[in-house]
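Peer 1: Coordinates for the following, if possible.
(chains A, B, C and D, ligands or ions: 4)
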Protein chains: 2
Amino acid sequence: MAGPSHDHHHHPSPPEALIRQAEEACRAQGVQFTPLRRRVFEELARSREPLGAYDLVERLGRERRIAPISVYRVLDVLIEAGLIHRIATRNTYLPCHHAHDPHGATVFLVCTSCGVVDEVCSPDLTRGLDGTAAAAGFRPGGRAVEVEGECASCRTAAPG
Amino acid sequence: MAGPSHDHHHHPSPPEALIRQAEEACRAQGVQFTPLRRRVFEELARSREPLGAYDLVERLGRERRIAPISVYRVLDVLIEAGLIHRIATRNTYLPCHHAHDPHGATVFLVCTSCGVVDEVCSPDLTRGLDGTAAAAGFRPGGRAVEVEGECASCRTAAPG
DNA sequence: CTACGTGCTGTTACAACGTAACAAGTTCGC
DNA sequence: GCGAACTTGTTACGTTGTAACAGCACGTAG
Ligand SMILES: [Zn+2]
Ligand SMILES: [Zn+2]
Ligand SMILES: [Zn+2]
Ligand SMILES: [Zn+2]
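Peer 2: Ligands and ions are numbered 1, 2, ... in the order given. The predicted structure is shown next:
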């Protein structure tokens, strides 16, 4: 299942670098990067796929029991700080792996086959989205969209 | 623009017409439009906002108790038949109010203020989406996206 | 008429996802 | 020390979605 890492269109985002960036971003925002928050972020950063809240409950609870509510609170903080994202169509969470253009839309390409989620920014899609919204008199909030489909690896692995 | 026809503002989706269309679509697809399925669709068609599965459980259970699983099964059938859509960010369901272009993307404009969801098709957004997906080697499946924000009515009602 | 397959719904129980309310520990400044 | 703000623990609960199996309706073959 863990395909060979032929990821070339995006940096493989090493977990350690991601964690350092998160720590730095927290300091910059005056948000505490507590041990629990670090543990949650680490698990997400080291996972190949997004994780559910209860996946985290289980992984963090190996040594000592952690209640779901604690995990959800941490997730809320990390989302608020822009360090992670939530995939609504899957009820899962993943670390943000690039700085966001505040004026651009973000697309999460969710592979229904392997579960991997690719996060990309797209000026084209931003334009299309803004145009569509404007035509309906709608003011978008987050401008993050999720699209399900088949990723490049799975397409080559299983043609059809 | 987006509208293939005179489709410009939120018109008060006529429930009776919607229900007739649904019945016709079922017949055309060889899908039974049973009393329970009709009841579920009617509730959705007559609601101003999308409804949750348990909202339907409550509304259908006025006379006789209906189990959640029964509602979910009906919802699955109606979704499969293309008669309703599910809003993943809200865990709610709403009737499809226009024929879908199989080659186009659909956008659900979800108002975070009043809860109303507007369903629009947009060639612009379709292009942006396809371009973004192609650049990542991704083959989109459904091509339905949800965007949260503030609808036209709420913008004029409560300026911010 | 009987038997059987297929499709729809009922019943029960449960899994997965998420939150409220309150207590207790930590950090920090006074 | 002492209180304020923040973080986490504990318990219990609410919401959303599903599994497994039984009954019923209907058409069809024997
Ligand atoms: Zn991001
Ligand atoms: Zn894949
Ligand atoms: Zn539709
Ligand atoms: Zn509104």
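Peer 1: surely residue A:124 meets residue B:133?
Peer 2: No: in this structure residue A:124 lies outside contact range of residue B:133 using C-beta atoms under 8 Å: 10.6 Å. To be clear about C-beta, it is placed using only N, CA and C from the backbone, and glycine gets the same treatment.
Peer 1: who has more neighbours, those two?
Peer 2: Taking other C-beta atoms under 10 Å in any protein chain shown, residue A:124 and residue B:133 do not tie; residue B:133 has more neighbours (23 against 17).
Peer 1: Am I right that the more buried one falls within a helix?
Peer 2: Yes: read with DSSP: H, G, I helix; E, B strand; the rest coil, residue B:133 is one of the residues of a helix.
Peer 1: can you pull the alpha-carbon coordinates of the helix ranked longest in chain A into CSV?
Peer 2: For chain A, the longest helix by residue count, based on DSSP state H, is helix A:15-29. These are the backbone C-alpha positions of helix A:15-29, laid out as CSV (Å, rounded to 0.1, in the frame of the first residue of the first chain):
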residue,chain,number,x,y,z
PRO,A,15,8.2,15.3,9.4
GLU,A,16,11.0,16.9,11.4
ALA,A,17,11.1,20.0,9.3
LEU,A,18,7.3,20.2,9.5
ILE,A,19,7.4,20.0,13.3
ARG,A,20,10.0,22.7,13.6
GLN,A,21,8.0,24.9,11.3
ALA,A,22,4.9,24.3,13.5
GLU,A,23,6.8,25.1,16.6
GLU,A,24,8.1,28.3,15.1
ALA,A,25,4.6,29.3,13.8
CYS,A,26,3.2,28.8,17.3
ARG,A,27,5.9,31.0,18.9
ALA,A,28,5.2,33.7,16.3
GLN,A,29,1.5,33.6,17.0
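Peer 1: all strands for chain A, in order.
Peer 2: With DSSP state E as the definition, chain A shows strands at residue ranges A:51-52, A:84-87, A:92-95, A:106-111, A:117-121, A:139-140, A:144-150.
Peer 1: Which residues are in contact with the residue nearest the centre of chain A?
Peer 2: A centroid search over chain A (C-alpha atoms, centre = their mean) returns residue A:94, at 3.0 Å, as the residue closest to the centre. Contacts for residue A:94 were tallied using C-beta atoms under 8 Å, 6 or more residues apart in numbering or on different chains; they are A:44, A:47, A:49, A:50, A:51, A:84, A:85, A:87, A:117, A:119.
Peer 1: Counting neighbours, what do you get for the residue nearest to it when sequence neighbours are not counted?
Peer 2: Beyond its immediate neighbours in the sequence, the residue positioned closest to residue A:94 (C-beta to C-beta, 6 or more residues apart in numbering or on different chains) is residue A:50, lying 3.9 Å away. Residue A:50 is flanked by 22 other residues according to other C-beta under 10 Å.
Peer 1: Look at residue A:50 and report its pLDDT.
Peer 2: According to the prediction, residue A:50 has pLDDT 97.
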